[in-house]
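Asker: Quick one, what's the 3D model for this:
(chains A and B, ligands or ions: 2)
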Amino acid sequence: MADLALPQTLTLSEDFASALGEPVATLDEVVQQALNSAAHRERWKYTKADRFLAQTSASAKPPQISNENQIGVSWQRQPIAQPMSGLDLQQAPEAFARLCFAGEAMRLDITAPVTEPITLVHSENTLPVMIYVSANASLSLIEIIEGHEEMQQSVWIDIGPNAQVLHSRNALNDTPASWQYLNVRLQDAARYRLNNHALGCGIRRQDLHIIMDGQGAEAKLVSAGMVDNKAALDQQITMEHRQPKGHSEQTIHNIVANGGKCTFNGRIHIHEGASGTDAQLSNKNLGMGDNATINTKPELEIYTDDVSCSHGATVGTLSKEALFYLTSRGIDQTAAQALLSQGFLRQCIDGPLAATALEAMIGPQNTSDEH
Amino acid sequence: MNLLDVSNLHASVATDAGPQPILKGLNLTVKPGEVHAIMGPNGSGKSTLANVLSGRPGYAVDDGEAVLDGRNLLDLEPFERAQIGMFLAFQYPVEIPGVSNMEFLKASIDSLARARGEEQPNTANFMRQVRELAGSLDLDPAFLKRGVNEGFSGGEKKRNEIMQLLLLNPKLALLDETDSGLDIDALKTVADGVNRYRSQSNGVVLITHYQRLLDYIVPDYVHVLSNGQIIESGDKGLALELEAKGYAWLT
Ligand SMILES: Nc1ncnc2c1ncn2[C@@H]1O[C@H](COP(=O)(O)OP(=O)(O)OP(=O)(O)O)[C@@H](O)[C@H]1O
Ligand SMILES: [Mg+2]
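Answerer: Ligands and ions are numbered 1, 2, ... in the order given. Coordinates of the predicted model:
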């Protein structure tokens, strides 16, 4: 297999490099090794990494933001001089490379409970975004990925003690290649929830690395994906429990139809000492139509005894019992199949972006849902 | 004209060991306005009869016929059978998370209206009707927003079946052990629902193990199904006799 390589030489300040514990001179080499390590190859087993790597040095603009003029919010462009918490050169060398090539990032500081949701719209390749949420602050963050060019996003969120982030993300655009890298670190008793809705495109890659880095942190991921018409979606999730009494819950439903290809890799890593951890993951895939390809892989690494952990991945088709129940009430086969597959996705569509996601993933919503 | 005519019905269920015959020449005639109770030992084929008539996959009809209101049922898909007026209240109603009860009921009523060339009810009226029906069966209207049968207790599932019966108003209602698992109050509520459904133009086939239900829904005929055939028929008195003596004296 040909070696993976970055499109350019990495440049980085001395300070940044020394904070990473790497001399500038050897950084390129270290990244090169990380790119070609067995673990990294495994994470890019079903999606060719070359195209995404080549794009890491493409020019990038700030995402459009709205509602940033609130008390407790500051938003600015700044050079990247320091590695942020959660930066992991070994695990995410591409995300690291994007940072280095961009040389600057958009920084959002949240220092109080913020009432209005803040929206970031990415309609092209966007600069890395770093979000720092102070202790006891809270934020509702909305992210919309749109536009039809090849694009990449990388977002780092650091959630302070007892702070909370509700994050909703729609990636429903059609582009040849689209990559969303997201890294979230939770400190003591921090809470994070992500409602993710994704449509496949030429190839969509979503990396999510959640680090439970404080006692009693809570993270919840709910994600719905629809991969139709030869589109592709590759989701790679790492849930890392580093501290005791963390609680994580992940529910991911994907429909793969008509030549679509879907890859899901859900890794739960519970470190030594993270006792009292409760980590749950459920990934369900529904194959429909002809030639759907589904790769789903659970990965568990547990180094503590006192944990409760469950990890389930299923690949299936529509329930015959449920189909019969619906058709026995006069609903024809096609309509019954549509109701069931919609229901499968709807279980994972929620939050402020639910209406647009339902519309894009399921079609126009009629009024019988009102009550 | 008869509402339902089942004659010489032979049917088998697909098993790993090949098809296994269950119904072995069953005859049953229901006229408009009649209620027929079917009783019989476990495993005698009662649910199989209901399943074959409603078109559940997994069964093969080997011989005989079944005609509903002049239409040959056995050639039709399950949704077509429902559209010409067949209704099965399931012994084990299915849970469907993600599809709300309201959405399901609307899809159902719209499909039936389309098939019959009738106008689809407007949403507001429809929702009012459903809420009233739910209330009349002691179902909390909040359940309408939940997934179909999702997290319902056994009794709630059965009441939901009866609610659908009243809403869809079919020609023939097959009730498969709708009384089992119900407490005494719920049994009366369900029986009251079935009695409200009854009319001179429709029919009810009631599968049950307990004669108690028949105190509330008084049948015109009681049949005993055993080993795939109806071996005895009578009036309500037969149910009382069965209650006292069991099935052994018949077989
Ligand atoms: N899917 C199946 N696979 C194998 N055997 C089956 C299947 N379905 C039904 N049977 C068998 O067919 C026979 C009749 O079953 P059926 O469910 O019709 O009985 P029943 O009269 O409704 O019983 P009960 O009173 O317990 O509800 C039983 O012996 C049962 O084991
Ligand atoms: Mg039965």
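Asker: And the residue of the stretch 51-200 of chain B that's closest to chain A?
Answerer: B:G98 (2.9 Å; CB to the nearest CB). Glycine gets a C-beta too; all of them are placed from N, C-alpha and C.
Asker: which non-adjacent residue is nearest that residue?
Answerer: Counting by CB to CB, 6 or more residues apart in numbering or on different chains, B:G98 lies nearest to A:G343, which is 2.9 Å off, once chain neighbours are set aside.
Asker: neighbours around the residue of the stretch 51-200 of chain B closest to chain A, how many?
Answerer: By other CB atoms under 10 Å in any protein chain shown, 20 other residues sit near B:G98.
Asker: Just the element for the closest residue to A:N196 other than its chain neighbours, please.
Answerer: Leaving aside its sequence neighbours, A:N196 sits nearest to A:S223 (CB to CB, 6+ apart; 3.9 Å). Here A:S223, judged by DSSP states H and E, is contained in strand A:218-227.
Asker: what's the helix or strand of chain A with the lowest mean pLDDT packed up against?
Answerer: Across the helices and strands of chain A, mean confidence by mean pLDDT, DSSP states H and E is lowest for helix A:14-20: a mean of 83. When contacts are defined as 3 or more CB pairs under 8 Å, 6 or more residues apart in numbering or on different chains; DSSP states H and E, helix A:14-20 sits against helix A:24-35.
Asker: Any buried residues in the helix it packs on, and which?
Answerer: Neighbour-count burial for helix A:24-35, counted by 16 or more other CB atoms under 10 Å in any protein chain shown, picks out A:27-28, A:30-32, A:34-35.
Asker: Put together TSV for these, with distance to A:P244 on each row.
Answerer: Listed next are the buried residues of helix A:24-35 as TSV, based on distance: CB to CB, whole Å:
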residue	distance to A:P244
A:L27	34
A:D28	38
A:V30	32
A:V31	33
A:Q32	37
A:A34	29
A:L35	34
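Asker: Tell me which residues touch residue 212, please.
Answerer: Went with chain A since none was named. A:M212 makes contact with A:186, A:219, A:239-243, A:246, A:248, A:274, A:277, according to CB atoms under 8 Å, 6 or more residues apart in numbering or on different chains.
Asker: Switch to chain B, please.
Answerer: Applying CB under 8 Å, 6+ apart to B:R212 gives the contacts B:179, B:187.
Asker: C-terminal to the strand or helix carrying it, what's the next element?
Answerer: Per DSSP H and E, B:R212 falls inside helix B:211-216. Moving toward the C-terminus from helix B:211-216, the next helix or strand (DSSP H and E) is strand B:221-226.
Asker: Okay, and the residue in chain B positioned nearest to ligand 2 sits in which element?
Answerer: Residue nearest to ligand 2 within chain B (CB to the ion): B:S47, separated by 3.1 Å. B:S47 belongs to helix B:46-54 when assigned by DSSP H and E.
Asker: With A:L120 instead?
Answerer: Per DSSP H and E: strand A:118-122 holds A:L120.
Asker: For the closest residue to A:A58 other than its chain neighbours, give me the pLDDT.
Answerer: In this structure, A:A58 finds its nearest non-sequential neighbour in A:N125, 5.2 Å apart by CB to CB, 6+ apart. Looking at A:N125, its pLDDT reads 97.
Asker: And the helices in the stretch 1-150 of chain B, which stretches?
Answerer: For the stretch 1-150 of chain B, the helices defined by DSSP state H, counting those that start in this stretch cover B:46-54, B:78-83, B:101-115, B:123-136.
Asker: Sort out which residues of stretch A:258-274 are buried, please.
Answerer: A:259-271, A:274.
Asker: circling back: in its sheet, which strands sit next to the strand holding A:S223, and in what direction?
Answerer: Applying DSSP bridges, strand A:218-227 is found paired with strand A:191-199 (parallel), strand A:247-257 (parallel).
Asker: which of the residues in it are buried?
Answerer: Quick answer for strand A:218-227 (16+ other CB under 10 Å): A:218-227.
Asker: Pick out the residue of the stretch 101-250 of chain A closest to chain B.
Answerer: For the stretch 101-250 of chain A, CB to the nearest CB, closest residue to chain B: A:A224, 10.2 Å.
Asker: my read: that residue touches A:I362, true?
Answerer: No. In this structure, A:A224 is not within contact of A:I362 by CB atoms under 8 Å, at 9.5 Å.
Asker: what number of residues lie near the residue lying closest to A:S341 once chain neighbours are set aside?
Answerer: The shortest distance from A:S341 to any non-neighbouring residue, by CB to CB, 6+ apart, is to A:I255 (5.8 Å). A count of nearby residues for A:I255, using other CB under 10 Å, gives 26.
Asker: list the contacts for the closest residue in space to B:D220 that isn't next to it in sequence?
Answerer: Residue nearest to B:D220 in three dimensions, not counting chain neighbours: B:E34, with 4.6 Å by CB to CB, 6+ apart. Residues counted as contacts of B:E34 (CB under 8 Å, 6+ apart) are B:3, B:203-204, B:220-221.
Asker: 10 Å instead?
Answerer: Contact analysis of B:E34 by CB atoms under 10 Å, 6 or more residues apart in numbering or on different chains lists B:2-4, B:198, B:200, B:202-205, B:219-221.
Asker: Switch these over to CSV; also include distance to A:I294 and pLDDT.
Answerer: CSV is the format used below for the contacts of B:E34 (distance: CB to CB, whole Å; pLDDT from 0 to 100):
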residue, distance to A:I294, pLDDT
B:N2, 51, 94
B:L3, 48, 97
B:L4, 45, 98
B:R198, 50, 97
B:Q200, 55, 96
B:N202, 47, 97
B:G203, 47, 97
B:V204, 46, 98
B:V205, 43, 98
B:P219, 51, 96
B:D220, 54, 96
B:Y221, 53, 97
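Asker: how close does the closest residue to B:L182 other than its chain neighbours sit to B:Y216?
Answerer: Spatial nearest neighbour of B:L182, chain neighbours left out: B:G155 (5.2 Å); criterion: CB to CB, 6+ apart. Remark: distance between B:G155 and B:Y216 (CB to CB, to the nearest Å) = 15 Å.
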